[in-house]
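Asker: with the sequence up front, the predicted model follows.
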Amino acid sequence: MANRAGTAPERGAELSPLARMQAILGGSAGNLVEWYDWFAYSSFALYFAPHFFPKGDQTAQLLQAAAVFAIGFLARPAGAWLMGLYADWRGRRAALTVSVAMMSAGSFAIALIPDYAVIGVGAPALLVAARLVQGLSLGGEYGASATYMTEMAGRRRRGLWSSFQFLTLIAGQLCALGVLIVLQRLLPEADLQRWGWRIPFAIGGGLAVVVFWIRSGLMETAAFEAVRASGAARASTRLLLRDHPRESLAILGLTCAGSLAFYAYTTYMQKFLVNTAGFPKATATTVTAGALIVYMLVQPLVGWASDHVGRRRTLAASFAVGALVTYPAFSLIAATDTPWIAFAVMTALVVILSGYSAVNAAVKAELFPTHVRALGVALPYAIGNALFGGTAEYVALWFKDVGHESGFYLYVALTMAAATVIALRLPDTNAAELET
């Protein structure tokens, strides 16, 4: 096996534990930074929304900020398509490097955009443009990183190692909240509202530059090198839909429910705690951060369990329990004024969702052969995310705005119930060989 950075091990060679760990951590570091940059938007929306959308009350301002958040998701299918093809043609490492460069550009742009008082409608227009660039980046990031980490993980502990893909996703969100908590402690409220919200985007842009350098030295996967050497047909959308329609639809359905639940339980929950339950902003941020810490730490445990009990059972249990508890959980949080109760309920929700989040990278990658794997993982995932994940906050705020907030709880529960049926019909993919 070659140890030089950027060179894949020879076909059939087993990665050493150290080399495998280096590859997983290298891929994870970039994933963390990409998701930090993405979630900085939702974490700081309470502070920057008035700068870009000055008209209306808090709900109206958040609704407009959520609409831009959803618009960013519209770019993700295009990014998934372009970068998925690129990853299957040129390699996982090449796609990962390009995606983080685009994210850096988007973050620096948001940090520098003048607000509405300075350039008028140009401010929200530039914000939309920056989020579209970030959406293109993240659309490509998911498929490339999920494929890279799963192919590097090895068959016996694939659930465990590939869970780091979502662990670092949560860590990125947690880092965004952590920066918010620090700034809330260090800056007066007026300064954070006026200019301090720009700091996290500048930090994210700088970190992405560092990750660009790290990713340029990553080892390519043996699976991709083997396919490239074999002269197999290059990935294409037609090839994917012709040969793997059932797998693509399954990923689409699982992602619709998983992404909707994820954004409902995490990014929207911070605003729900303020806008519905009536908690102070700082308290809502602390509760959300505490639940996310537990959520992050649970991922490897659930991934490890899936290596023993199977991905299908893990997915089905997660969606079935989530469908049953979402409505009463949101209703309880809406009625409580005790932070510890809100924390306990939110933590229970994200732990339940771990049955999806910890194994989704592995199970999706295991459904496709190597030559279309990155595209097959990325494209249906990005479409499902755009349709249900990206619109989660907007739909929730719309239900609240029309006076039927509990309709959102039911919407999430029914979508998870549908995903339970899809999960039960999946093949159990634990034994799939991805490395050669």
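Answerer: Perfect, I can see it now. Numbering: from 1, shown residues only.
Asker: could you list the low-pLDDT ranges of the stretch 51-200 of the chain?
Answerer: 56-61, 153-155 (pLDDT under 70).
Asker: now do the helices in it.
Answerer: Assigned by DSSP state H, counting those that start in this stretch, the stretch 51-200 of the chain shows helices spanning 58-90, 92-112, 116-119, 122-153, 158-186, 189-194, 199-215.
Asker: name the helices or strands packed onto the fifth one?
Answerer: Spelled out, it's helix 158-186. helix 17-43, helix 122-153, helix 199-215, helix 281-309, helix 339-357, helix 360-366 (3 or more Cβ pairs under 8 Å, 6 or more residues apart in numbering; DSSP states H and E). (C-beta placed from N, C-alpha, C; glycine too.)
Asker: how does it look with 7 Å?
Answerer: Contacts defined by 3 or more Cβ pairs under 7 Å, 6 or more residues apart in numbering; DSSP states H and E place helix 158-186 against helix 17-43, helix 122-153, helix 199-215, helix 281-309, helix 360-366.
Asker: which of those helices is buried the deepest?
Answerer: Highest mean neighbour count among the helices and strands packed on helix 158-186 (mean count of other Cβ atoms under 10 Å): helix 360-366, with a mean of 29.
Asker: what does it contact?
Answerer: 146-147, 149-150, 158-159, 162, 165-166, 251, 254, 258, 311, 315, 373, 377, 381, 429, 432, 434 (Cβ atoms under 7 Å, 6 or more residues apart in numbering).
Asker: count the neighbours of A101 for me.
Answerer: Per other Cβ atoms under 10 Å, the neighbour tally for A101 reads 15.
Asker: am I right that it is in contact with V211?
Answerer: No - shown here, A101 and V211 do not form a contact pair, counting by Cβ atoms under 7 Å, at 9.3 Å.
Asker: what does the average pLDDT come to for stretch 353-369?
Answerer: Averaging pLDDT along stretch 353-369 yields 86.
Asker: kindly report the same for stretch 239-253.
Answerer: Mean predicted lDDT for stretch 239-253 stands at 84.
Asker: how far does that stretch sit from the chain's center?
Answerer: A distance of 21 Å separates the centroid of the chain from that of stretch 239-253, by Cα atoms, centre = their mean, to the nearest Å.
Asker: how long is it end to end?
Answerer: 20 Å (Cα to Cα, to the nearest Å).
Asker: buried residues in it, which are they?
Answerer: Neighbour-count burial for stretch 239-253, counted by 16 or more other Cβ atoms under 10 Å, picks out L239, L240, H244, E247, S248, A250, I251, L252, G253.
Asker: among the helices of the stretch 51-200 of the chain, which is nearest S354?
Answerer: helix 158-186 (8.4 Å; Cβ to Cβ).
Asker: just the buried ones among the contacts of helix 360-366, please.
Answerer: 146-147, 149-150, 158-159, 162, 165-166, 251, 254, 258, 311, 315, 373, 377, 381, 429, 432, 434.
Asker: can I get the helices and strands packed on helix 158-186 in CSV with distance to F343?
Answerer: Formatted as CSV, the helices and strands packed on helix 158-186 follow (distance: least, Cβ to Cβ, whole Å):
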stretch, distance to F343
helix 17-43, 17
helix 122-153, 28
helix 199-215, 23
helix 281-309, 5
helix 360-366, 25
